[in-house]
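**Student:** just coords:
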């Protein structure tokens with residue numbers, strides 16, 4: 001896989017471990033997959049089971065809320081700068097210096113807003129990826145449950161047949 005192909009994959013969430021009896025096998029296999037992804041240059045995060053995944057979702061949501069607060073604070077600061085620029089127009093030379101400073105602050109805030117928007121977008125993608133992973137795990141669990149139900153039915157039927165055959169020998 002070329003570095004360009006690895007970048008096209010985006011950031012991969014690798015869910016390993018979990019709470020089942022196969023936890024250790026999942027951890028070993030997952031670490032092997034993580035090493036292979038490292039070797040290929042694929043960006044990835046290793047998550048230990050659905051519980052940890054949900055914790056990461058909660059963390060991403062908290063960070064998203066923090067980003068929203070930063071955006072609100074930046075907007076308020078921009079309104080303050082605009083008011084400050086209005087006051088400085090009375091004195092021309094001082095006003096020019098203040099407008100220049102305000103412009104730099106606005107440029108800095110725009111950069112911060114842009115950075116916060118990018119981070120918010122990244123966190124939103126992580127939330128979507130995490131929810132998708134949880135959905136896949138839930139689907140897998142549902143499939144395993146159906147398989148186990150079939151096994152139980154077969155074992156129940158075979159137990160009845162065995163009882164009948166043992167009864168026939170006793171008689």
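**Tutor:** Right, received. Where do you want to start? Because the structure is predicted, anything quoted here is derived from the model rather than measured. Numbering: from 1, shown residues only.
**Student:** Give me the contacts around stretch 110-119.
**Tutor:** 63, 67, 70-71, 74 (CB atoms under 8 Å, 6 or more residues apart in numbering). C-betas here are computed from N, CA, C, even on glycine.
**Student:** Dump the residues you listed to JSON lines, plus pLDDT and secondary structure.
**Tutor:** Formatted as JSON lines, the contacts of stretch 110-119 follow (pLDDT from 0 to 100; DSSP: H, G, I helix; E, B strand; the rest coil):
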{"residue": "63", "pLDDT": "85", "secondary structure": "helix"}
{"residue": "67", "pLDDT": "82", "secondary structure": "helix"}
{"residue": "70", "pLDDT": "89", "secondary structure": "helix"}
{"residue": "71", "pLDDT": "84", "secondary structure": "helix"}
{"residue": "74", "pLDDT": "89", "secondary structure": "helix"}
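**Student:** Between those residues, which sits nearest residue 151?
**Tutor:** In terms of CB to CB, no member of the contacts of stretch 110-119 lies closer to residue 151 than residue 63, at 43.5 Å.
**Student:** got a list of what the spatially most central residue of the chain touches?
**Tutor:** Residue closest to the average C-alpha location in the chain (CA atoms, centre = their mean): residue 126, at 3.1 Å. By CB under 8 Å, 6+ apart, residue 126 lies in contact with 11, 13, 56-57, 60.
**Student:** and the gap between it and residue 19?
**Tutor:** From residue 126 over to residue 19 the distance is 23 Å, taken as CB to CB, to the nearest Å.
**Student:** Now do the strands in the chain.
**Tutor:** Assigned by DSSP state E, the chain shows strands spanning 12-16, 44-48.
**Student:** Could you tell me how far the residue nearest to the centre of the chain is located from residue 67?
**Tutor:** Distance, residue 126 to residue 67, by CB to CB: 12 Å.
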